[in-house]
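1. Just to be clear, the model below is a prediction. Sequence and coordinates:
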Amino acid sequence: MSRVAMIFTGGTISMRPDAAAGGLVPTLDGAELIAATPGLAGVADLQPIDWGRVPASSLSLAQVLEIADLVQAALDRPEVDGAVVVQGTDVLDETAFAYDLLLRGPKPLVVTGAMRSAEKPEADGPANLRAAVRAAASPELRDQGVLVVMDGLILPADDVLKTHSTAT
C-alpha cells in the first residue's frame, strides 16, 4: 500500500459553526478529517501532519514557504510515495502554483480543499480528500508537477483558477 503524507493547514474543509465567533471557524485537525472521511484509510497508509488551522485568505507568504518546506521534507522521505496539502480554497490556486515552482522531485503533490464546510450534509471535503489521496498515491502521476484535485477533477497547478466563491 502506498504511503501518503497529508499536511493539514485549515480552511473551509475543517470549519464548523462557532456561536461565540459568530460564524464558521477552522476546528477539525487532520485526524478528525481523516476519521470523518469514510474509506480514506483504505486508499493509502496515511501520515497526517497538522501544520495549523488557518483560513487560506489569512496565509502569509512566510507561512506558504514554511508549508512548502514541510511538504518537501515529507516528500524527501524514501518511505513516502506522495503528499496532499489540505487547505482553504481562497488562495488554493496561488499556493498550488507556488509549490509547483518551489518543490522538486518526482513524487506527486496534490493540493485540495472544500467549498462547503464540514457540518453541511452536502460537504464536498470527504470526496475531495479521497480523490486527492488516490492521486498522490498513484505511480502514474509521478513527474507531473503539483496537481489540484477537486470536484472529481485532476488539474495541473499552473492551469487552476478559482472563479466562484461557493460553486464546486
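-> Received, thanks.

2. where's the longest helix seen in the chain relative to the chain centroid, distance-wise?
-> Scanning the chain for the longest helix, with DSSP state H as the assignment, gives helix 61-76. Chain-centre distance of helix 61-76: 13 Å, with C-alpha atoms, centre = their mean, to the nearest Å.

3. Give me the nearest residue to the spatially most central residue of the chain, chain neighbours excluded.
-> Geometric centre of the chain, nearest residue: residue 86, 2.0 Å, by C-alpha atoms, centre = their mean. In space, and not counting its chain neighbours, residue 86 is closest to residue 8: 4.9 Å by C-beta to C-beta, 6 or more residues apart in numbering. Where C-beta positions appear, they are placed from N, C-alpha and C, glycine not excepted.

4. where does that neighbour fall, phi/psi-wise?
-> Residue 8 has phi and psi values of phi -100, psi 130 when expressed as degrees, to the nearest 10.

5. Same question for the one 10 residues further on.
-> With angles defined as degrees, to the nearest 10, residue 18 sits at phi -130, psi 110.

6. Ok, residue 86 next?
-> According to degrees, to the nearest 10, residue 86 has phi -110, psi 120.

7. give the contact list for it.
-> Residue 86 sits next to 6-9, 11, 13-14, 30, 33, 112-113, 129, 132 when contact means C-beta atoms under 8 Å, 6 or more residues apart in numbering.

8. how much space is there between it and residue 78?
-> 23 Å (C-beta to C-beta, to the nearest Å).

9. what number of residues lie near the residue nearest to residue 86?
-> For residue 8, the count of nearby residues is 25 (other C-beta atoms under 10 Å).

10. Just checking: what are the partner strands of the lowest-mean-pLDDT helix or strand in the chain?
-> Lowest on mean pLDDT, DSSP states H and E among the helices and strands of the chain sits strand 15-18, with a mean of 78. Strand 15-18 has its sheet partners listed here by DSSP bridges as strand 23-26 (antiparallel).

11. wait, what's in contact with residue 49?
-> Per C-beta under 8 Å, 6+ apart, neighbours of residue 49: 5, 6, 7, 8, 30, 70, 74.

12. Please apply the same query to residue 119.
-> 15, 16, 17.

13. which secondary structure element contains it?
-> For residue 119, there is no host helix or strand (DSSP states H and E).
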